[in-house]
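Q: starting from these lines, generate the structure:
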Amino acid sequence: MPNDSQDAYGHQLYDCFKGREVVEVVERDDGFIDTSASLPGYYLAEYKNWRPHEKEAMRYARGKVLDIGCGGGRISLYFQKRGFDVLGIDVSPLAIRVCKLRGLRNARVMSITDVRSRLGMFDTILMIGNNFGLFGSPNRAKRLLRQFYRSTSSEALIIAESNDPYRTNEPFHLAYHRRNRRKGKMPGELTIRVRYKKYMTPWFDYLIVSKKEMKRILEGTGWRVKRFVNSQGSVYIGVIEKISKLRSPA
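A: Numbering: from 1, shown residues only. Sure thing, here's the model as predicted:
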C-alpha cells in the first residue's frame, strides 16, 4: 500500500472532496503526460451526472457487491443507498478515508490481489473507471480471475470497464504500441504513475484492452463476456458472467 508521500491519487481526491481545484496528472514510462481537470470531480459524481453507458451497465448488478478500485466511493455509495450489501476497496488510504467521510459504511484499504474467498462471497464484482486495467497484465488477469471465481456465487457477474487502445491516431500511443510488441507485450500494457503536487505514486502496470482481447483473456478462467455496453467513444463495459465449471490452468 502507498505511504502518504506516494498517495497522489488519494491526495487529489481528498482536495477535490474539500472543494479545491485539482488537475490529475498521469505519466507513462515513455515520458508521455496526460492531464485532466474534469476527472477528479467525476470520481465523486452523483448518479445523475454519470455517463450513460455506466448507468446502463449498473442495471446488471445484483446481490452482494464488491467495488474494486472504489476511489471516492461514488458507485459504492449509489448501491448502498439502494440497499445493497456493498464493500468498496482501494489501495489508496486517503481515498478510503474520503469514502468513509462521504458515508460509505464498508470500505477497506486493500489491493485487487487480496480478493480471496476469505473476504466473503460476492454476487457482483465492479471494476468501473477503466478498472479492468488494474489486472496489470494478461497473465495476472488470468490468475486473479480464477481467484474471483472462487470468491463469487454460482451466477456471479463481473462488470468491468476498459478502453480500446487501438482507437487512437496519437503518434506517441502508436509508438508505444510498437515498443510493446517488440517486447512481446500486448499493445495496451502500460506502465504509469499518478502525480499530484509533491505526491507521486510508484510506477504500476495497467492494462487496456479491446473487446476481442478481453474475451481472449477470459478464456480458461471460468468467465465469459455476456454482453458489451458501449459508450460514444473508445470506452466500453464488459458484463462478464460465470461459467459453471472452471478449467484447471495449463
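
Q: in its sheet, what does the host helix or strand of residue 237 sit against?
A: Element membership of residue 237, judged by DSSP states H and E, is strand 235-242. With DSSP bridges as the criterion, the sheet partners recorded for strand 235-242 are strand 152-163 (antiparallel), strand 223-230 (antiparallel).

Q: okay if I get the ones you listed as TSV plus mean neighbour count and mean pLDDT?
A: Every residue, glycine included, has its C-beta placed from N, CA and C. Conversion of the strands paired with strand 235-242 to TSV gives the following (neighbours: other C-beta atoms under 10 Å; pLDDT from 0 to 100):
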stretch	mean neighbour count	mean pLDDT
strand 152-163	21	97
strand 223-230	16	98
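
Q: right, and those strands - which one's nearest residue 3?
A: Using C-beta to C-beta as the criterion, the shortest distance between residue 3 and the strands paired with strand 235-242 is 28.3 Å, found for strand 152-163.

Q: next structured bit after the closest one?
A: Past strand 152-163, heading to the C-terminal end, the next element that is a helix or strand (DSSP H and E) is helix 171-182.

Q: centre of the chain to that following helix, how far?
A: Taking C-alpha atoms, centre = their mean, to the nearest Å, one finds helix 171-182 lying 23 Å from the centre of the chain it belongs to.

Q: just the buried residues of it, please?
A: The neighbour-count check on helix 171-182 (16 or more other C-beta atoms under 10 Å) flags 173, 176-177, 180 as buried.

Q: repeat for stretch 130-150
A: Residues 130-136, 138, 141-142, 144-149 are the ones in stretch 130-150 that count as buried (16+ other C-beta under 10 Å).

Q: count of residues packed around residue 128?
A: Counted with other C-beta atoms under 10 Å, the burial measure for residue 128 works out to 22 neighbours.

Q: which residues does it contact?
A: Contacts for residue 128 were tallied using C-beta atoms under 8 Å, 6 or more residues apart in numbering; they are 54, 57, 67, 75, 159-161, 237.

Q: and the gap between it and residue 158?
A: Distance from residue 128 to residue 158, counting by C-beta to C-beta, to the nearest Å: 11 Å.

Q: could you do residue 26 as well?
A: Residue 26 sits 24 Å away from residue 158 when distances are taken as C-beta to C-beta.

Q: just the terminal-to-terminal distance for stretch 171-191.
A: Using C-alpha to C-alpha, to the nearest Å, the span of stretch 171-191 from its first residue to its last is 18 Å.

Q: stretch 105-120 now?
A: Terminal residues of stretch 105-120 lie 16 Å apart, using C-alpha to C-alpha.

Q: quick one: the strands in this structure?
A: Taking DSSP state E to define them, one finds strands in the chain at 24-28, 33-36, 65-68, 86-90, 107-109, 122-127, 152-163, 189-196, 199-200, 204-207, 223-230, 235-242.
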